[in-house]
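Enquirer: return atomic coordinates for the entry below.
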Amino acid sequence: MTDAAYQEALAVHEPKSFWTKYVWSQDHKVIAIQYTLTAVAVGLVALVMSWLMRIQIGFPGSISFIDPSTYYQMVTMHGMIMVIYLLTAIFLGGFGNYLIPLMVGARDMVFPFVNMLSYWAYLLSVLVLMASFFVPGGPTGAGWTLYPPQAILPGTPGSGAGIVLMLASLILFIVAATMGGLNYVTTVIQARTRGMTLMRMPLSVWGIFTATILALLAFPALFVGAVMLLFDRLLGSSFFMPAVVSMGQQLGYEGGSPVLFQHVFWFFGHPEVYIVALPAFGIVSDLISVHSRKTIFGYRMMVWAIVIIGVLSFIVWAHHMYVSGMNPYFGFFFATTTLIIAVPTAIKVYNWVLTLWRGDIHLTVPLLFAVAFVSTFTVGGITGLFLGNVVIDLPLSDTYFVVAHFHMVMGVSPILVVFGGIYHWYPKITGKMLNDTMGHLHFWMTFIGTYLIYFPMHYLGFIGMPRRYHAYEGYEFIPESAQDLNVFITISALLVGAAQFIFLYNLYWSYRNGKEASGNPWNAASLEWQTPDTPPIHGNWGPKLPVVYRWAYDYSVPGTTEDFIPQNLESIENLNDSNPETLEPEG
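Expert: Now for the predicted structure:
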């Protein structure tokens, strides 16, 4: 932990113009908002593509420009944008940037200039990706996993400039994530204020911190894979390309291994699930504790579960590759590790439920989204246990069961946490409260609608409906009733998508007309709610950094007049000694 006196002695360089305050900003809070707005903007592009895909599946041929090539391009871009450019960016670049310095009592990130560069590298990666819509042949249609050889062979949509821009964009994104990640890790380790031991940090910080370490270890695999595939495409190397005949012609490749790319991709890909999930776990823990007025159940257990999940995420990747051909002993190993990683994840679910148990539950919009996450993630996790079993995965792998599972775990669940986090911290960011009526309408349309979309998809998978098909007419093995379900799913998806515009309008309306928020409207104990100003000024804390005396979860402590004790409140530091049940873990 850095001596807080050193941080206090550093000059806070105030921005001197609009450009240095809002554009080329080095303030972590402004950079967090830049990340979030950019991620939401590119996410809306992916949302529109999901609408178009669902209309094509539910009402085939109703949109004339969606042919098979266009459909595959939208599948690819939708998947890549949502997983990488929206979720990863908003959890690490958005929540990570905003919360870490405030929650650990720092003035800013330790490398503010590098932090600024990380955002602009991210923005450049998004612009390069969007440019692929405007090049000859359009964006790549190789599927979001970009498997060679088809990703760079003639005949695949976007196999020219499209795949090149996709790979270049991924390389730029990883550069941005590395710059940001080094900042987040160093800030947590070095810039915590007086008294902020590791075991006093909020679980949001633990989740983002661990996820960042995963990103720093996993993204290099994707970086190397993208560079090697780019060399195969542009230079004619054969890292991943075997000897192959394409359209009657022998191509100049030989000796490469397409399965090697799958290993490289999924060595990144499965930690990526937890790069998104671990920050969500931490944020949900904080939302449930604050809005149920209960100390978090099993804090130490929650911390170690986050760390253990992070470690185990590196030894389960090949369960995505059962259909690629695998030695049965390897299949057994990865099936076993898949079941093992479910244990610490289940511990977290139990702890969330036990935190809610007999709490003073306030059904605020942030808590509704947090509880909804517990529901959707549990359902998605249970279906993941199905797919982790080799003999069940083989027949289900290319069906809509996988689409349903993946979206419940990696799509719906993290997005619910994003919404819950924004509803929770919006008063701190803007000084205004979001409209509660619009918030409830947004929640119920989103929560009910997502189950209406993905529950039927599990059934479609069980009856053998394959994924990534442009249309389903004329297939004898698919019953006609499946199309009725597809129509139902499409209408549900359109309504859920429309609900997100209620959320966006709420953000705008509340910023202009919302009720003024107090400095701590939720009566939360964690440090970010104790800043002298709301929204926090540049430098966050004024001339003196706060001093931390306890953990972030002192709620409903017997013998106190308030039902929460802020982390930086000194006068009752010995209170917990007489109440073992609320005793904080020591550092």
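Enquirer: point out where the chain drops to low pLDDT.
Expert: Applying pLDDT under 70 to the chain flags residues 1-11, 13, 572-587.
Enquirer: which residue ranges of it form strands?
Expert: Ranges of strands within the chain are 245-246, 249-250, based on DSSP state E.
Enquirer: most tightly packed of these?
Expert: Mean neighbour count (mean count of other CB atoms under 10 Å) peaks for strand 245-246 among the strands of the chain, with a mean of 11. Placement of C-beta: from N, CA and C, glycine included.
Enquirer: direction included, what does it pair against?
Expert: For strand 245-246, the paired strands and their directions (DSSP bridges) are strand 249-250 (antiparallel).
Enquirer: how far away is residue 247 from residue 155?
Expert: 6 Å (CB to CB, to the nearest Å).
Enquirer: what does residue 227 give?
Expert: For residue 227, the distance to residue 155 - CB to CB - is 24 Å.
Enquirer: between those two, who's got more neighbours?
Expert: Set residue 227 next to residue 155 and count neighbours by other CB atoms under 10 Å: residue 227 wins out with 16 against 9.
Enquirer: what sits closest to the more buried one if chain neighbours are left out?
Expert: Once flanking residues are discounted, residue 227 sits nearest to residue 171: 6.7 Å by CB to CB, 6 or more residues apart in numbering.
Enquirer: try residue 242
Expert: Residue 242's closest residue in space is residue 256 (CB to CB, 6+ apart), at 5.4 Å.
Enquirer: then residue 548?
Expert: Per CB to CB, 6+ apart, closest to residue 548 is residue 195, 3.5 Å.
Enquirer: so that neighbour sits against residue 549, correct?
Expert: Yes - using CB atoms under 8 Å, residue 195 makes contact with residue 549 at a distance of 5.9 Å.
Enquirer: how close does residue 229 sit to residue 374?
Expert: For residue 229 relative to residue 374 (CB to CB), the value is 38 Å.
Enquirer: go on, residue 415?
Expert: For residue 415, the distance to residue 374 - CB to CB - is 14 Å.
Enquirer: of these two, which one has the most company?
Expert: residue 415 (24 against 18).
Enquirer: and the gap between that one and residue 68?
Expert: From residue 415 to residue 68 the distance is 28 Å (CB to CB).
Enquirer: for residue 427, same thing?
Expert: From residue 427 to residue 68 the distance is 48 Å (CB to CB).
Enquirer: same question for residue 22.
Expert: Distance from residue 22 to residue 68, by CB to CB: 44 Å.
Enquirer: swap in residue 115?
Expert: Distance from residue 115 to residue 68, counting by CB to CB: 43 Å.
Enquirer: in terms of contact, does residue 176 touch residue 125 like I think?
Expert: Yes - Residue 176 is in contact with residue 125 according to CB under 8 Å; the separation is 6.2 Å.
Enquirer: in terms of secondary structure, what does the longest helix anywhere in the chain contact?
Expert: Ranked by residue count, the top helix of the chain under DSSP state H comes out as helix 258-292. In terms of contacts (3 or more CB pairs under 8 Å, 6 or more residues apart in numbering; DSSP states H and E), helix 258-292 is packed against helix 203-234, helix 299-312, helix 328-356, helix 365-387, helix 413-430.
Enquirer: between those, which gets nearest to residue 282?
Expert: Nearest to residue 282, of all these, is helix 203-234, at 2.6 Å by CB to CB.
Enquirer: report the buried residues of the closest one.
Expert: Residues of helix 203-234 classed as buried by neighbour count (16 or more other CB atoms under 10 Å): 203-219, 221-223, 225-230, 232-233.
Enquirer: do the same with stretch 456-471
Expert: 456, 457, 458, 460, 461, 464, 465, 467, 470.
Enquirer: can you tell me which two in those residues are farthest apart?
Expert: Largest pairwise distance in these, by CB to CB, is 21.8 Å, between 458 and 470.
Enquirer: list the contacts for residue 314?
Expert: Applying CB atoms under 8 Å, 6 or more residues apart in numbering to residue 314 gives the contacts 214, 217, 218, 267, 270, 271.
Enquirer: could I get those as JSON lines with distance to residue 532?
Expert: Shown next, in JSON lines, are the contacts of residue 314 (distance: CB to CB, whole Å):
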{"residue": "214", "distance to residue 532": "35"}
{"residue": "217", "distance to residue 532": "38"}
{"residue": "218", "distance to residue 532": "39"}
{"residue": "267", "distance to residue 532": "46"}
{"residue": "270", "distance to residue 532": "43"}
{"residue": "271", "distance to residue 532": "39"}
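Enquirer: from those residues, pick the one nearest residue 393.
Expert: Using CB to CB, those come closest to residue 393 at residue 270, 14.2 Å.
Enquirer: which residue packs closest to that closest one, ignoring adjacent ones?
Expert: Per CB to CB, 6+ apart, closest to residue 270 is residue 317, 4.3 Å.
Enquirer: isn't the one you found right up against residue 263?
Expert: Yes - in this structure, residue 317 is within contact of residue 263 by CB under 8 Å, at 7.4 Å.
Enquirer: more neighbours, those two?
Expert: Comparing residue 317 with residue 263 by neighbour count (other CB under 10 Å), the higher total belongs to residue 317, at 25 against 16.
Enquirer: quick check: the gap between the more buried one and residue 262.
Expert: 9 Å.
Enquirer: likewise for residue 508?
Expert: With CB to CB as the criterion, residue 508 and residue 262 are 43 Å apart.
Enquirer: now do residue 559
Expert: In terms of CB to CB, residue 559 sits 59 Å off from residue 262.
Enquirer: check residue 376 too.
Expert: 28 Å.
Enquirer: by how many degrees do the longest helix of the chain and helix 203-234 diverge?
Expert: Relative orientation of helix 258-292 versus helix 203-234 (axes from the mean of the first three to the mean of the last three CA atoms, to 10 degrees): 160 degrees.
Enquirer: identify the residues contacting stretch 452-471?
Expert: 56-57, 60-61, 66-68, 71-72, 75, 143, 383, 395-396, 398-405, 407-408, 412, 472, 477-479, 482, 485-486, 488-489, 492-493, 496.
Enquirer: what about it, how long is it end to end?
Expert: The straight-line separation of the ends of stretch 452-471 (CA to CA, to the nearest Å) is 21 Å.
Enquirer: chain center to that stretch: distance?
Expert: Relative to its chain's centre, stretch 452-471 lies at 24 Å (CA atoms, centre = their mean, to the nearest Å).
Enquirer: what does stretch 493-505 give?
Expert: Centre-to-centre, stretch 493-505 and its host chain are 19 Å apart (CA atoms, centre = their mean).
Enquirer: distance of the residue nearest to residue 97 when sequence neighbours are not counted relative to residue 208?
Expert: Using CB to CB, 6+ apart and skipping residues adjacent in sequence, the residue nearest residue 97 is residue 32, 3.7 Å away. Going from residue 32 to residue 208 by CB to CB gives 12 Å.
Enquirer: shared neighbours, those two?
Expert: Shared contacts of residue 32 and residue 208, counting by CB under 8 Å, 6+ apart, come down to 95, 96.
Enquirer: hang on, the earlier thing: is it possible to get JSON lines of the buried residues of stretch 456-471 that adds distance to residue 530?
Expert: Putting the buried residues of stretch 456-471 into JSON lines (distance: CB to CB, whole Å) gives the following:
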{"residue": "456", "distance to residue 530": "47"}
{"residue": "457", "distance to residue 530": "45"}
{"residue": "458", "distance to residue 530": "45"}
{"residue": "460", "distance to residue 530": "50"}
{"residue": "461", "distance to residue 530": "49"}
{"residue": "464", "distance to residue 530": "56"}
{"residue": "465", "distance to residue 530": "53"}
{"residue": "467", "distance to residue 530": "49"}
{"residue": "470", "distance to residue 530": "55"}
